[in-house]
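A.B. asks: predicted model and sequence below, questions to follow.
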Amino acid sequence: MKISVITVAYNSAATIADTMDSVAMQTHTDLEHLVVDGASKDDTVKIAQAHGTPRTLIRSEPDKGIYDAMNKGLARATGDIVCFLNADDAYADAGVLDRVAHEMELHRLDALFGDVVFFRADAPQRSVRRYRSDRFAPDRLAYGWMPAHPALFMKRSIYEQLGGFRTHFRIAGDFDFIARAFGPGRLRYRHLPDIMVRMQAGGVSNAGLRSKWRLNREVLQSCRENGIDTNLFKILSKYPAKLMELLRP
């Protein structure tokens with residue numbers, strides 16, 4: 001099964017080399033790596049080109065935000081499976097995509113997801129939190145739960161059927177897509193209890209209380225737009241469990 005890895009980048013010169021290298025080292029060879037750069041003002045594109053392979057396609061142009069850039073990547077993707085790897089994240093080992101392709105083909109899955117560990121930029125070898133995606137199920141969307149997006153692998157046909165990401169969301173567009181994909185309960189999916197991605201702490205949806213508040217408001221909006229019965233108290237109730245992730249990285 002061919003896999004399309006989409007990396008959205010903007011001014012990511014400090015981190016994108018590790019991202020590119022982690023894709024280049026994958027033992028699964030039937031893949032393409034689509035780098036969608038938002039007209040960076042630093043050396044992001046130059047570094048991506050230096051660390052790319054013949055399977056890498058890089059395009060740099062202005063966009064209207066992260067989900068617009070993700071949709072541009074989807075429009076160019078040709079793989080059977082699509083996944084998104086952020087420009088400050090990296091695959092945990094060289095066999096991640098091989099395991100994904102094997103599991104999805106063996107079990108005829110529409111989607112597969114694994115776990116993510118977070119690290120700080122000043123201590124990249126030390127994990128500070130593990131995002132356990134097995135806590136997700138479609139009936140937990142009302143509580144704001146979702147699989148870790150960088151460790152979510154899904155058939156491209158699902159993205160095509162749903163029209164990609166809705167760009168009126170600034171932070172919760174990935175949650176909204178998952179709500180639209182998993183909410184009806186028709187997808188064949190499985191959780192693989194492996195660490196698939198190493199993710200640098202401090203992304204757009206995790207940067208401070210104001211960002212978290214906006215994220216949760218957008219999650220609430222998405223639930224309402226998708227007919228999921230919830231309220232803000234339900235959505236906030238997931239945070240005690242998330243705090244436990246800090247105690248058991």
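C.D. replies: Good, I have the coordinates. Residues are numbered from 1 along each chain as shown.
A.B. asks: which pLDDT value does the model give A148?
C.D. replies: Note on A148: pLDDT of 95.
A.B. asks: output the below-cut-off pLDDT ranges for this structure.
C.D. replies: Scanning the chain for pLDDT under 70 picks out the ranges 202-208, 242-249.
A.B. asks: mind running it again at 90?
C.D. replies: Residues of the chain meeting the criterion pLDDT under 90: 119-129, 200-213, 236-249.
A.B. asks: how is the residue lying closest to T56 once chain neighbours are set aside assigned, secondary-structure-wise?
C.D. replies: In space, T56 comes closest to H33 once its chain neighbours are excluded; the distance is 4.6 Å by C-beta to C-beta, 6 or more residues apart in numbering. (Each C-beta comes from the backbone N, C-alpha and C, glycine too.) At H33, secondary structure determined by DSSP: H, G, I helix; E, B strand; the rest coil is strand.
A.B. asks: give me the helices and strands touching the helix or strand that contains D176, please.
C.D. replies: Using DSSP states H and E, the element containing D176 is helix 173-182. Judged by 3 or more C-beta pairs under 8 Å, 6 or more residues apart in numbering; DSSP states H and E, helix 173-182 is in contact with helix 66-76, helix 156-162, helix 208-225.
A.B. asks: ok, and what's touching that helix?
C.D. replies: 66-67, 70, 84, 111, 138, 141, 144, 146-147, 149, 152, 154, 158-159, 162, 164-167, 169, 187, 189, 218-219, 222-223, 225-226, 228 (C-beta atoms under 8 Å, 6 or more residues apart in numbering).
A.B. asks: kind regards, and thank you for your time.
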